[in-house]
Each structure stands twice: as structure tokens, then as C-alpha cells.
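In: coords please:
(chains A and B)
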Amino acid sequence: MKKHEHTSVSDRNLFGFWVYLMSDCVIFAGLFATYAVLGHATFGGPGSYELANLPFVFVETMLLLTSSFTAGLALLSAKQGNKKTVVAALLATLLLGAAFLSMEISEFIGLAAEGSGPGRSAFLSAFFTLLGTHGLHVFLGLVWLIALIISVVRRGLTDGNSRKLMMFSLFWHFLDIIWIFIFTFVYLFGTLAL
Amino acid sequence: MKALRTYILGFVVSIALTVVAFALAQMHLASGHIFPTHELAVPALVALALVQLVVQLMLFLHVGQEPKPRWNLLAFYFAIIVVVILVGGTLWIMDNLTHMQMQEPYNVFEEENIFPHGHAE
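Out: Residues are numbered from 1 along each chain as shown, chains lettered A, B, ... in the order given. Okay, here's the model as predicted:
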């Protein structure tokens, strides 16, 4: 690509998507701030110390981190025009992301079954909202990913698909970055019992 | 293949930082909240998260590596400013509010005997 071409449609689309990601970042900032403020308002229910199951969260973290890596690999293979590798890497991302999401959902269901749903205390409301919003993003990302895989298999690595793949990988890396802060400030800080 | 090496490096460093952070918390838990102390563990965990943030921003999201004019970088800086004001401001104001009312939010139920200590257990 020539240097003066950087106001192409593709670049403008990518910039628009980037601006969306930055505003999403602000939403998460608000949720993190709420979580920090309500962190001790447990109303006799379980606090963050009780919720922090380190081995479980460690596996979740590794699944999401690896899926972020495979999403990057998909983008690299697309640049080399290697369709088979792209599809394989995206399928790996899909499986890892789905495994992460099912672990998160099982944690939520387990908490709700103990009577520690989002209505139990202000702390749990903040907890479920923060993690639920992240989980919802992961879910929507997986739906998008399935559509993308189908599109790549059917039409190959067209310009449109390459652009979508680029946006998807940005989105997926972004979700992994949000998760760094969730595991640090929710779970690891939880074990410190501050 | 430079791009591939960048991703692999980012992946390996992220795993290492994550493992160290979890090991730190596990050590704290296993030692009965004695080592590492809270004064040590809190800044260490925050630092590990911030380093991993920078690593992933640079090696996965390639922030700041676009050709000029760097609009993406500008939008990113703006987001950082908003996040810092939002989170920092919220914590500051709410902490001040608690302080001015001379109450510790997590003690008030115990003091009023609404939920005596140990109720949950």
C-alpha cells in the first residue's frame, strides 16, 4: 500500500471501530469504579474473598489469553493469504472462547443456586454487572466469530473479510485486556481479603 | 515473520506475568495472609496488571505503530484521560464521602448489630 492511501475506506472503518472500542473502555471503567466502591457492601452475603477460586480463574484466564493469541495468528495468516490456517486459527479461537464463557456461566449459575445472585447484595450486583458485561461481550464476539468463519469459508479472504477479521481481532484483544483487570482487581484482590 | 515473533513474544510474556500474579496471590493465601504482606502484594499486583496491559497494547494491538497522522493513538489517549478521571474521581469522592460521615461502610451493620460478625458463617 502506498503511503498517501491511508484515508481509504478500510482505514476509516477501522478507525471507527477503534473509537467504539475506546468508548467501550469507558463503560468498563464505570463498572470497575462501581465495583470498587461497592466492594465491601456485602450485606452479610459472600464477599470477594469467598468468590475468588484461584485455580478456576487461572484456567479461565489461560483460555482467554490463548484465544487472544490464536485470533492474532488468524490475522497474520490472512495477511499471508493462507485461508486454511485462518479458518483453523479462528476455530481454535471459537473453541477457547466458548470454553471460557461456559466456565463463567457455570460460576454464575453456581452462585445463583447458592442464593448469591445479583440481588443478594450491592457487592454482588456490581460483581455480576461487571463480569456479566464482559461475558456478554465475549458471547457477542463468539456469534460474530461464527459468522466470520462461515463468510471466510464461503467467500475466501476477500477485502471485506480481511477487514472484518482485523476488527474482530482488535475486539478480541480488547476483551482480553479487560479480563486482565477483572482477574487482578476482582479475583486476586479478593484473595488478599482487603 | 517478524510479526509472528511479536505475537509469540506477547503471548509468552503475558503468560509469565499472569503466572507470577496468580502465584503471588496463592502464596499470600497459603501463608495465611502474612507473606507477601498487603503493602507489598497490592502494588505488585497492580504493577503486574499494568505491565501486561502495556505488553498487550504494544504487541497485540500495535498501539502507536500506525503511520502518521496517528488518530487511533489520539483516541486512545483521550480514552485513558476519561478512564483516569472517571475511576480516580469516583474513588476519591466516595472515599471522601465515607470519611466525612465518619463511617466505615463495612462496619456499620456490625455496629448496629444488624448483621453481627460471623452471621454469614
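
In: burial of residue 48, as a residue count?
Out: Just so you know, I chose chain A. Using other CB atoms under 10 Å in any protein chain shown, A:Ser48 has 24 neighbouring residues. The C-beta positions use only the backbone N, C-alpha and C, and glycine is treated the same way.

In: looking at chain B here, not the other one
Out: A count of nearby residues for B:Leu48, using other CB under 10 Å, gives 20.

In: Give me the phi and psi angles of it.
Out: Main-chain dihedrals, B:Leu48, degrees, to the nearest 10: phi -60, psi -40.

In: Can you check the pLDDT for the residue most central in space within chain A?
Out: Against the mean C-alpha coordinate of chain A, by CA atoms, centre = their mean, the closest residue is A:Leu175 at 3.1 Å. Residue-level confidence at A:Leu175 comes out at 97, pLDDT.

In: Neighbours of A:Phe185, how many?
Out: Look at A:Phe185: counted by other CB under 10 Å, it has 19 neighbours.

In: tell me the secondary structure for the spatially most central residue of chain B?
Out: Most central in chain B under CA atoms, centre = their mean is B:Val46, positioned 4.7 Å from the mean C-alpha point. Assigned with DSSP: H, G, I helix; E, B strand; the rest coil, B:Val46 falls in the helix class.

In: Would you agree it is in contact with A:Leu188?
Out: No - look at B:Val46 against A:Leu188 with CB atoms under 8 Å: they stay out of range, at 9.9 Å.

In: confidence score at A:Lys2?
Out: On pLDDT, A:Lys2 comes in at 46.

In: Apologies, that question was intended for B:Gly118.
Out: Note for B:Gly118: predicted pLDDT of 53.

In: do the same with B:Ala79
Out: Taking B:Ala79 on its own, its pLDDT is 96.

In: Skipping its backbone neighbours, what lies nearest it in space?
Out: Spatially, and ignoring its direct neighbours in sequence, B:Ala79 is nearest to A:Met22 (3.8 Å; CB to CB, 6 or more residues apart in numbering or on different chains).

In: Relative to B:Leu57, how far out is the one you found?
Out: Separation of A:Met22 from B:Leu57 (CB to CB, to the nearest Å) stands at 12 Å.

In: same deal with A:Lys164?
Out: On the measure of CB to CB, A:Lys164 and B:Leu57 end up 22 Å apart.

In: A:Leu65: neighbour count?
Out: Once other CB under 10 Å is used to define contacts, A:Leu65 is seen to have 21 neighbours.

In: Now do the contacts for it.
Out: When contacts are counted by CB atoms under 8 Å, 6 or more residues apart in numbering or on different chains, A:Leu65 touches A:176, B:11, B:14-15, B:18.

In: re the thing from before, could you give the number of residues near the residue nearest to B:Ala79?
Out: Here the number of neighbours of A:Met22 (other CB under 10 Å) works out to 19.

In: All the helices of chain A, in order from the start?
Out: All helices of chain A, identified by DSSP state H, fall at A:9-38, A:48-51, A:54-79, A:83-113, A:122-155, A:159-182, A:189-192.

In: Which one, of those helices, ends up nearest to B:Val51?
Out: Counting by CB to CB, B:Val51 lies closest to helix A:159-182 out of the helices of chain A; the figure is 9.9 Å.

In: can the closest one be found next to chain B?
Out: Yes - Helix A:159-182 comes into contact with chain B when judged by CB under 8 Å from any CB of the partner chain, the residues involved being A:170, A:173-174, A:176-177, A:180-181.

In: Show the model's pLDDT score for A:Phe128.
Out: 97.

In: what's the nearest residue to it if we skip its chain neighbours?
Out: What sits nearest to A:Phe128 in space, not counting adjacent residues and going by CB to CB, 6+ apart, is A:Pro118, at 3.8 Å.

In: Equivalent analysis for A:Ile182, please.
Out: Take A:Ile182 and drop its neighbours on the chain: the residue closest to it by CB to CB, 6+ apart is A:His134, 6.2 Å away.

In: Could you pull up phi and psi at B:Phe35?
Out: phi -130, psi 130.

In: Can you confirm whether the one helix or strand B:Leu50 maps to lies near chain A?
Out: When secondary structure is defined using DSSP states H and E, the element that contains B:Leu50 is helix B:38-59. Yes - in this structure, helix B:38-59 sits against chain A according to CB under 8 Å from any CB; the contacting residues are B:38, B:41-42, B:45-46, B:48-49, B:52-53, B:56-57.

In: Closest to chain A out of those residues?
Out: When the residues of helix B:38-59 next to chain A are compared for distance to chain A, the smallest value, 4.1 Å, is given by B:Ala49; criterion: CB to the nearest CB.

In: Spit out the contact partners of the closest one.
Out: B:Ala49 makes contact with A:180-181, A:184-185, B:21 under the criterion CB under 8 Å, 6+ apart.

In: neighbour-wise, which of the residues you listed leads?
Out: Counting neighbours by other CB under 10 Å, B:Ala21 leads those with 26 neighbours.
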